[in-house]
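> Give me the fold of what follows.
(chains A and B)
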Number of protein chains: 2
Amino acid sequence: MAVTIPDKLADLLTYDKKAFANLALTLRDSTPQVTPVWFDYDGEHIIVNSARGRVKDRVLSRKPAVALAISDPADPYRYVQIRGRVVDVTEDGARDMIDHLSEKYLGKPYPFYRGETRVTYRIVPEHVSAMD
Amino acid sequence: MAVTIPDKLADLLTYDKKAFANLALTLRDSTPQVTPVWFDYDGEHIIVNSARGRVKDRVLSRKPAVALAISDPADPYRYVQIRGRVVDVTEDGARDMIDHLSEKYLGKPYPFYRGETRVTYRIVPEHVSAMD
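Numbering: from 1, shown residues only, chains lettered A, B, ... in the order given. Have a look, this model is predicted:
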């Protein structure tokens, strides 16, 4: 069951805000991992992008539960915590998606592409708690 | 086996930097949770503080594996990812510790104390990866 982001913190997910998401995963040995990542939000899914074969890809491709903490770059006491699930994993359009994310954060197409197979993961928020 | 923080990113853990840690846990159902938290570093342990009975306390008191992502507030492309383990859980000095953390981040003793039993958790970094 998807949940919506509270209006008062919805700005944190916008393209213009350029906030990072701290994406937490559970590794195969049940220990957690967390990394700051680029993301986009389509109003329903949190969208992230990685490359085939990386740790993040190997975990996310199993469509696991994930968590994200997204803080306002201008005020760390404004943040949303999201727990949800990967519902879609695809290579379709994933090269375009990394360019789209790079435009958001760097203002230009992804400059680090080295021929790797890009993958896009869509996450449905199932629990959201907000602090502001 | 504790590991050290790379010199080039050691500033992220200093008191003056006031960086937040995004602390990731594995909940009892194996799903992850991540929240931004205050922390201190004593050269060996990452130190965080919570209160008895909270979700974080219930998980951390089992001395589990945890992960942290700590980004430079001034440059999100400088960050350390830490995976480690809670090695010590104590109420001793935990009221003083939350004041110490509050002094770091707010410049004054913890203003939100409401009689709860504070708890301090010490985390040993076991794996560190750095991006700068």
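> what packs against the helix or strand harbouring A:Ile98?
Secondary structure assignment for A:Ile98, by DSSP states H and E: helix A:94-106. Here helix A:94-106 touches strand A:40-41, strand A:46-51, strand A:118-131, going by 3 or more C-beta pairs under 8 Å, 6 or more residues apart in numbering or on different chains; DSSP states H and E. Where you see a C-beta, it was placed from the backbone N, CA and C, and this is true even at glycine.
> Where does the prediction get shaky in chain A?
For chain A, residues meeting the criterion pLDDT under 70 lie at A:132.
> And what about the most far-flung residue of chain A relative to its centre, helix, strand or coil?
What lies farthest from the middle of chain A is A:Asp29; by C-alpha atoms, centre = their mean that is 22.4 Å. Following DSSP: H, G, I helix; E, B strand; the rest coil, we place A:Asp29 in the coil state.
> Surely A:Ala51 is in contact with A:Arg118?
Yes: under the criterion of C-beta atoms under 8 Å, A:Ala51 makes contact with A:Arg118 at 5.7 Å.
> more crowded one of those two?
A:Arg118 (20 against 16; other C-beta atoms under 10 Å in any protein chain shown).
> what's the nearest residue to A:Pro111 if we skip its chain neighbours?
Of all residues not flanking A:Pro111 in the chain, A:Ser102 sits nearest, at 7.1 Å (C-beta to C-beta, 6 or more residues apart in numbering or on different chains).
> Check the gap between A:Tyr41 and A:Phe112 for me.
Distance, A:Tyr41 to A:Phe112, by C-beta to C-beta, to the nearest Å: 23 Å.
> Neighbour count for these two, which is higher?
A:Tyr41 (19 against 8).
> For that one, give me its contacts.
When contacts are counted by C-beta atoms under 8 Å, 6 or more residues apart in numbering or on different chains, A:Tyr41 touches A:Ile5, A:Leu13, A:Thr14, A:Ile47.
> Would you show me how to pick out the buried ones of those in ChimeraX?
To isolate the buried ones among those in ChimeraX, judged by 16 or more other C-beta atoms under 10 Å in any protein chain shown, type:
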select /A:5,13,47
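> what's the single longest strand in chain A?
The longest strand of chain A (DSSP state E) is strand A:75-90.
> Keep only those of the contacts of A:Tyr41 that are in strands.
Among those, the members falling in strands (DSSP E) are A:Ile47.
> Is it possible to get TSV of the contacts of A:Tyr41 that adds distance to A:Val124?
Formatted as TSV, the contacts of A:Tyr41 follow (distance: C-beta to C-beta, whole Å):
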residue	distance to A:Val124
A:Ile5	12
A:Leu13	14
A:Thr14	19
A:Ile47	11
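> Is it possible to get CSV of the contacts of A:Tyr41 that adds distance to chain B?
Converted to CSV, the contacts of A:Tyr41 look like this (distance: C-beta to the nearest C-beta, whole Å):
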residue, distance to chain B
A:Ile5, 16
A:Leu13, 16
A:Thr14, 16
A:Ile47, 18
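> which residues touch A:Pro109?
Contact partners of A:Pro109, counting by C-beta under 8 Å, 6+ apart, are A:Asp99, A:Ser102, A:Glu103.
> Report the separation between it and chain B.
According to C-beta to the nearest C-beta, to the nearest Å, A:Pro109 stands 17 Å off from chain B.
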